[in-house]
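S.K.: Fold the stuff below for me.
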Amino acid sequence: MHRTEVDVAAEAVTGLAASFASLPSWTLDENQLADLEMLLSGAFAPLTGFMTAADVSSVCERGTLADGTAWPVPVTLDVPEGATPPAQRRLALNDTEGVPLAVLDISERSPVLMPAPAPAGRGGRHARPAGAAGTAGTAGPGPAATGLVRLSGQLIKCRDPEHGPFRQLRRTPAQARAELGEGPVLAFVTRRPLNARQIGQLRHVAGQLRARLLLLPLVTGMADVVIRPEALVRTVRAATRHLPSGTLVVPVALAARNVGAEREIALRALVAAAYGATHLFTDEPEAPTVRAAIPIMSAGDWAYDRAAEIWRPLALIEPGTERADLAMGELEDLLDWGEEVPAWFTPPAVAAELRRARPPRSERGLVIFFTGLSGSGKSTIARGLRDALSERGDRTVSLLDGDLVRDLLSAGLTFSRADRDLNIARIGFVATEVARHGGIAICAPIAPYAQARARVRSMAREVGDFLLVHVATPVQVCEARDRKGLYAKARAGVIDNFTGVSDPYEEPTDAELTIDTSAMSRQQSVDAILRLLTAGGWLPEDELPESRGPGR
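M.R.: Have a look, this model is predicted:
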């Protein structure tokens, strides 16, 4: 049997990974994985590793690397201070399954600081480096430490990433450039499905340039409208049926950054250029005046010509016959209510993918998450809601109650902050799986911490919807109802870490509904939630025909 070049390369990669097996490792989060993939693939050229403090400072202040090379955003790796010993010179970087993708040759460590408040009158759009921990400045003369350390250095590649949707469509920048060949290439970078206006504009601008089209859907983080990145890719591919032959679709793992519109478009231009684009398309009426790697092209102001039944430049349409684009949020509203997406707005093939990715709320998975003190009435209302939904027969329902979950799903956990967060994460995981398959998951833990609740909201919204119900019964009423004597034991010091007595409860500021069972009966509380579900479209309107959601 003869060894091929592929065999030799595979053995080399395996040997390299094995040689780094004894190194300390760090499991990258989604955005860090995206940055690593961009660095390893060459999409962030000339960067070959994570930036030094000097580069970060220069990028934030001047929009260039320390050597003067134009660069719009910081690319950094921030980890907890204890992730790697101070004397350690190398760190293995793993994907979420623990597979080492690269090794960081650490050349510099620097503390990650909270940014100071922006001076009055100067704004703060670019004051905070992307990837830095914290979102607010600190009072006083200087910034405060965050408990994170920023690691800088070059990367040693172990293997290609295997995570993410549509891997078969992925290309390295070098592969994309080779496939596109010579000649003009017009790129469009997007987190949102294409509509008929954008399709017409792309055809128009590409025709003017005599350019091939390169579509770069961004598949890290949540997509606009369709949420899931794989759904975004499907909608973009559906749109290519109405674009010139030879249009190339390459999913790109570019993470979202809070850096402002100008720096974001400069970054997109840089990435598009790496993939072989000579021009970047923007669907804004005017191209922004930013320093970019390639020219940025706009088609101008377009509208739908109702007489000709096409999208075209507004100047060519007879006044009074034009139709404007859908307003912000109107497409989402149509999909949520199961209403038809008009053919003038987007082609039928794209509309079909939109409906697949974002079914009506009446068919979509939903997590109803109760939070409140012990004895507030969460479990009672949750059981009543489950019974009411089961009686209606509209949806399949699963109940994840606090005590039941503690006995089964989270047996062995303590009431420490870490274990409480883990308990909520486990509940959220199961509830999300229920919602993924179109069911309603009702959860009724205490869930005292806002960050843990936000994590469940984020998980659920990737596959369906999330409603937070705060059962805001006063602690005095909860304590008076206490059938198990838990409050008395907590005040006597027999029970530690008891929410509302010896442990804090962070009241929600983002609840969709607030209920006080000291002023409402069980049935009134259940009815209030059913009204919310009906008004929002998650339940049929048989009983409340006059109710519609906000903005309808």
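S.K.: So which residues of the stretch 351-500 of the chain form strands?
M.R.: Using DSSP state E, counting those that start in this stretch, the strands of the stretch 351-500 of the chain run over 366-371, 397-401, 440-444, 465-471.
S.K.: ditto for the stretch 151-300 of the chain
M.R.: Counting by DSSP E, counting those that start in this stretch, the strands of the stretch 151-300 of the chain are 185-190, 212-217, 248-249, 279-282, 296-298.
S.K.: Would you tell me which of the strands of the stretch 351-500 of the chain gets closest to Gly377?
M.R.: Relative to Gly377, the nearest member of those by CB to CB is strand 465-471, separated by 5.5 Å. Yep, even glycine has a C-beta here, placed from its N, CA and C like the rest.
S.K.: What helices and strands are in contact with that closest one?
M.R.: On a contact count with 3 or more CB pairs under 8 Å, 6 or more residues apart in numbering; DSSP states H and E, strand 465-471 meets strand 366-371, helix 378-392, helix 450-461, strand 513-515, helix 522-535.
S.K.: With distance to Pro165 added, can I get the ones you listed in JSON lines?
M.R.: Shown next, in JSON lines, are the helices and strands packed on strand 465-471 (distance: least, CB to CB, whole Å):
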{"stretch": "strand 366-371", "distance to Pro165": "23"}
{"stretch": "helix 378-392", "distance to Pro165": "33"}
{"stretch": "helix 450-461", "distance to Pro165": "18"}
{"stretch": "strand 513-515", "distance to Pro165": "34"}
{"stretch": "helix 522-535", "distance to Pro165": "31"}
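S.K.: which SS class is Ala92?
M.R.: strand (DSSP: H, G, I helix; E, B strand; the rest coil).
S.K.: pretty sure it is in contact with Ile106, am I right?
M.R.: No: assessed by CB atoms under 8 Å, Ala92 is found out of contact with Ile106, at 11.4 Å.
S.K.: Just want to know which of these two has more residues nearby.
M.R.: Ala92 (23 against 19; other CB atoms under 10 Å).
S.K.: Kindly provide the distance from that one to Trp337.
M.R.: According to CB to CB, to the nearest Å, Ala92 and Trp337 sit 49 Å apart.
S.K.: now swap in Asp301 and tell me
M.R.: From Asp301 over to Trp337 (counting by CB to CB), the distance is 30 Å.
S.K.: So these two - more neighbours on which side?
M.R.: Taking other CB under 10 Å, Asp301 and Trp337 do not tie; Trp337 has more neighbours (15 against 11).
S.K.: Look up how far Val405 lies from that one.
M.R.: 33 Å.
S.K.: What of Ala102?
M.R.: As judged by CB to CB, Ala102 and Val405 stand 38 Å apart.
S.K.: and what of Ser107?
M.R.: From Ser107 to Val405 the distance is 46 Å (CB to CB).
S.K.: likewise Glu462?
M.R.: 21 Å.
S.K.: Of the two, give the one with the bigger neighbour count.
M.R.: Shown here are Glu462 and Val405; by other CB under 10 Å, Val405 has more neighbours (21 against 14).
S.K.: what sits against the residue nearest to that one when sequence neighbours are not counted?
M.R.: Excluding its sequence neighbours, the residue lying closest to Val405 (CB to CB, 6 or more residues apart in numbering) is Ile427, at 5.7 Å. Ile427 sits next to Leu400, Val405, Leu409, Ser410, Cys443, Pro445, Val456 when contact means CB atoms under 8 Å, 6 or more residues apart in numbering.
S.K.: Can you select the buried ones from those in PyMOL?
M.R.: To isolate the buried subset of the contacts of Ile427 in PyMOL, counting by 16 or more other CB atoms under 10 Å, use the following:
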select buried, resi 400+405+410+443+445+456
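S.K.: Make JSON lines out of the contacts of Ile427 and add pLDDT and distance to Ala269.
M.R.: Compiled in JSON lines, the contacts of Ile427 are given as follows (pLDDT from 0 to 100; distance: CB to CB, whole Å):
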{"residue": "Leu400", "pLDDT": "92", "distance to Ala269": "47"}
{"residue": "Val405", "pLDDT": "78", "distance to Ala269": "49"}
{"residue": "Leu409", "pLDDT": "81", "distance to Ala269": "48"}
{"residue": "Ser410", "pLDDT": "77", "distance to Ala269": "48"}
{"residue": "Cys443", "pLDDT": "96", "distance to Ala269": "44"}
{"residue": "Pro445", "pLDDT": "93", "distance to Ala269": "46"}
{"residue": "Val456", "pLDDT": "97", "distance to Ala269": "37"}
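S.K.: So what's the residue count around Arg237?
M.R.: 19.
S.K.: Is it correct that it is in contact with Thr247?
M.R.: No: proximity of Arg237 to Thr247 does not meet the contact threshold set by CB under 8 Å, at 9.6 Å.
S.K.: Could you check how far the residue nearest to Val405 is from Ala441?
M.R.: According to CB to CB, Ile427 stands 9 Å off from Ala441.
S.K.: who touches both of the two?
M.R.: Leu400.
S.K.: show me where the stretch 301-450 of the chain has helices.
M.R.: Here the stretch 301-450 of the chain has its helices, by DSSP state H, counting those that start in this stretch, at 330-336, 348-357, 378-392, 402-407, 417-436, 450-461.
S.K.: Quick one: closest of these to Leu28.
M.R.: So among the helices of the stretch 301-450 of the chain, helix 450-461 is nearest, using CB to CB, at 17.7 Å.
S.K.: For that closest one, which outside residues touch it?
M.R.: Contacting residues not belonging to helix 450-461 are listed as 222, 227, 365, 367, 369, 371, 420-421, 424-425, 427-429, 431-432, 435, 443, 447, 466, 468, 506, 508-510 [CB under 8 Å, 6+ apart].
S.K.: Report the mean per-residue pLDDT for stretch 82-92.
M.R.: For stretch 82-92, the mean pLDDT works out to 90.
S.K.: From the chain's centroid, how far away is it?
M.R.: Stretch 82-92 sits 29 Å away from the centroid of its parent chain (CA atoms, centre = their mean, to the nearest Å).
S.K.: Render the CA-only coordinates of it in PDB, please.
M.R.: Only the C-alpha atoms of stretch 82-92 are listed here, as PDB (Å, rounded to 0.1, in the frame of the first residue of the first chain):
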ATOM      1  CA  GLY A  82      -6.100  31.300  36.100                       C
ATOM      2  CA  ALA A  83      -6.500  29.800  32.700                       C
ATOM      3  CA  THR A  84      -2.800  29.300  32.200                       C
ATOM      4  CA  PRO A  85       0.200  29.700  34.700                       C
ATOM      5  CA  PRO A  86       2.100  33.000  34.300                       C
ATOM      6  CA  ALA A  87       5.300  31.200  33.300                       C
ATOM      7  CA  GLN A  88       3.500  29.100  30.700                       C
ATOM      8  CA  ARG A  89       4.700  29.900  27.200                       C
ATOM      9  CA  ARG A  90       2.200  27.900  25.100                       C
ATOM     10  CA  LEU A  91      -1.600  27.300  25.400                       C
ATOM     11  CA  ALA A  92      -3.600  24.800  23.400                       C
END
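S.K.: quick one, which of the helices and strands packed on strand 465-471 is nearest to Phe188?
M.R.: Closest approach to Phe188 among the helices and strands packed on strand 465-471 is made by helix 450-461 (26.1 Å; CB to CB).
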